[in-house]
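**Q** Pasting the sequence and the predicted model now:
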Amino acid sequence: MLDKMTNQIGFQGTALVLRAERQRMLASNIANADTPGYVGRDMHFSQALREATGAAPQALAPSGGTLQAAQARHFALSTQLPSSSQNSKAGYTVQTQPSLDRNTVDMDRERANFMDNAVRYEATLRFFNGQAKTMLSAIQGQ
Amino acid sequence: MSMFSIFNVSGSAVSAQSQRLNAVASNLANVDAVAGPDGKAYKARQVVFQAQPMGPDQAAGVRVSAIKESETPGRRVFDPSHPAADQEGYVTHSNVNAVEEMVNMISASRSYQNNIEVMNTAKSLLLKTLQIGQ
C-alpha cells in the first residue's frame, strides 16, 4: 500500500535527478565553448525518464541510428554504442555552424537549453514539494 | 549529487578564461614593444584550451594545457634614426595584432559571464532544493 503513496513522489524524484544530470551536461558544454575539438553532449530527457522509471523500456537504436525528434523543437540525437552504462543515455548535440577549431558547441542554444532546464528543474521541485505536502496533510488527517 | 560538480566545471572554465584574458592583456600591453639589442621582439602569447574530465560522470571542465608563442615574424619598420635600429636600418616590432586581441578579449569576457551565470543558476537551484518540504 505504501508504494501507491510513494510512487508519484518516486517519479518526481527520478525526474529531479535526471534534470540535475542534464544541467551538468549543459554546464560542461558551456564551459567548453572555446575548447578546440570538443563535441557537445546532451540527453534525450523524456526517453531517459521513461527508461529510469521502467515504464516502457526502450531498446536503444543500433549504433549509427538517429533518434527521431518527438516534437518539432527537439533536436535529433544520434545514439552511440553503450560502452559503459553511464554513456548509454548521452547523445551528441547537432552542430549548427561549422567551426575552424572543430568545436560543435553553439553557445546560444546551450544557454537557452540551460535556462529551459533550470525552469523545468524548478517546476519538478514544486511538484515534488506539492505532493510531499499533500501526503503529509493526508497523514496528519487535516 | 550531479549538480555540485557544476561548480567545479564552471569554476575551471572561469579560471581558464581569466588566464586567456591575462594573455590578451600582456599582448596588448606589448603591442608597440621593439626588439632589444638581442634582436628578439615580443611574441604574442596564446592559450590553448583542453577539455579535462571532472568527476566520475562525464562532466568535462576545461584547462589551459599550454601557452604558445606565435611564430609569425614581427613587423619590420624602416627607421635608421631609431636607437634600436639594426645594421640595415630596420626596427623589429612585436607581432601582436591588436584587432585580433580585441576580438579575443570580447570572446573571453562573454564566456566568463556565461559561466558565472551558470554558477549562479546552479546555486539558486540547489538552495531551493534544500528547502523541499519547508
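**A** Looks like it arrived, so ask away.
**Q** can we go C-alpha only for contacts and neighbour counts from here?
**A** OK.
**Q** State the distance from the closest residue to B:G133 other than its chain neighbours to A:G13.
**A** Residue nearest to B:G133 in three dimensions, not counting chain neighbours: A:N129, with 5.7 Å by C-alpha to C-alpha, 6 or more residues apart in numbering or on different chains. Remark: distance between A:N129 and A:G13 (C-alpha to C-alpha, to the nearest Å) = 10 Å.
**Q** which one of the two has more residues nearby?
**A** A:N129 (19 against 16; other C-alpha atoms under 10 Å in any protein chain shown).
**Q** Is the more buried one in a helix, a strand, or coil?
**A** helix (DSSP: H, G, I helix; E, B strand; the rest coil).
**Q** hang on, the residue nearest to B:G133 packs against B:L130?
**A** No - the pair A:N129 / B:L130 is not scored as a contact, 11.1 Å apart, by C-alpha atoms under 8 Å.
**Q** Next up, the contacts around the residue most central in space within chain A.
**A** Geometric centre of chain A, nearest residue: A:F45, 3.5 Å, by C-alpha atoms, centre = their mean. When contacts are counted by C-alpha atoms under 8 Å, 6 or more residues apart in numbering or on different chains, A:F45 is found next to A:18-19, A:22.
**Q** Which members of those residues are positioned in helices?
**A** A:18-19, A:22 (DSSP state H).
**Q** what's the burial count for A:T14?
**A** A total of 16 residues lie near A:T14 under the criterion other C-alpha under 10 Å.
**Q** Hmm, A:A52 and it touching each other?
**A** Yes - if you go by C-alpha under 8 Å, A:T14 and A:A52 touch, sitting 7.2 Å apart.
**Q** buried ones in the helix or strand hosting A:G91?
**A** According to DSSP states H and E, A:G91 maps onto strand A:90-92. By neighbour count with 16 or more other C-alpha atoms under 10 Å in any protein chain shown, strand A:90-92 contains the buried residues A:90-92.
**Q** Make JSON lines out of those residues and add pLDDT.
**A** Formatted as JSON lines, those follow (pLDDT from 0 to 100):
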{"residue": "A:A90", "pLDDT": "80"}
{"residue": "A:G91", "pLDDT": "86"}
{"residue": "A:Y92", "pLDDT": "88"}
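**Q** Show the backbone phi and psi for the residue nearest to the centre of chain A.
**A** phi -70, psi -50 (degrees, to the nearest 10).
**Q** just B:E71 next, same as before
**A** phi -100, psi 10.
**Q** how near is it to B:S111?
**A** B:E71 is 27 Å from B:S111, by C-alpha to C-alpha.
**Q** So which of those two has more stuff around it?
**A** The neighbour comparison of B:E71 against B:S111 (other C-alpha under 10 Å) goes to B:S111, with 22 against 10.
**Q** Provide a list of residues in contact with the more buried one.
**A** Per C-alpha under 8 Å, 6+ apart, neighbours of B:S111: A:30-31, A:33, B:14, B:17.
**Q** Specify the local secondary structure of A:L100.
**A** What three-state DSSP gives for A:L100 is coil.
**Q** Number of residues surrounding it?
**A** Neighbour tally, A:L100, other C-alpha under 10 Å: 8.
**Q** For it, give me phi and psi.
**A** According to degrees, to the nearest 10, A:L100 has phi -60, psi -30.
**Q** Around chain B, which positions in chain A sit nearby?
**A** A:17, A:20-21, A:23-25, A:27-36, A:38, A:86, A:118, A:121-122, A:125, A:129, A:132-133 (C-alpha under 8 Å from any C-alpha of the partner chain).
**Q** Which ChimeraX command selects the buried ones in those?
**A** Per 16+ other C-alpha under 10 Å, the buried members of the residues of chain A next to chain B correspond to this ChimeraX selection:
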select /A:17,20,21,23,24,25,27,28,29,30,31,32,33,34,35,36,38,118,121,122,125,129,132
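**Q** Now, the residues of chain A next to chain B that are in helices?
**A** Checking these against DSSP H, those in helices are A:17, A:20-21, A:23-25, A:27-31, A:118, A:121-122, A:125, A:129, A:132-133.
**Q** So is the host helix or strand of B:I67 next to chain A?
**A** Assigned by DSSP H and E, B:I67 belongs to strand B:60-69. Yes - Strand B:60-69 reaches chain A (C-alpha under 8 Å from any C-alpha) through B:60-62.
**Q** Report the distance from that strand to the chain centre.
**A** Centre-to-centre, strand B:60-69 and its host chain are 9 Å apart (C-alpha atoms, centre = their mean, to the nearest Å).
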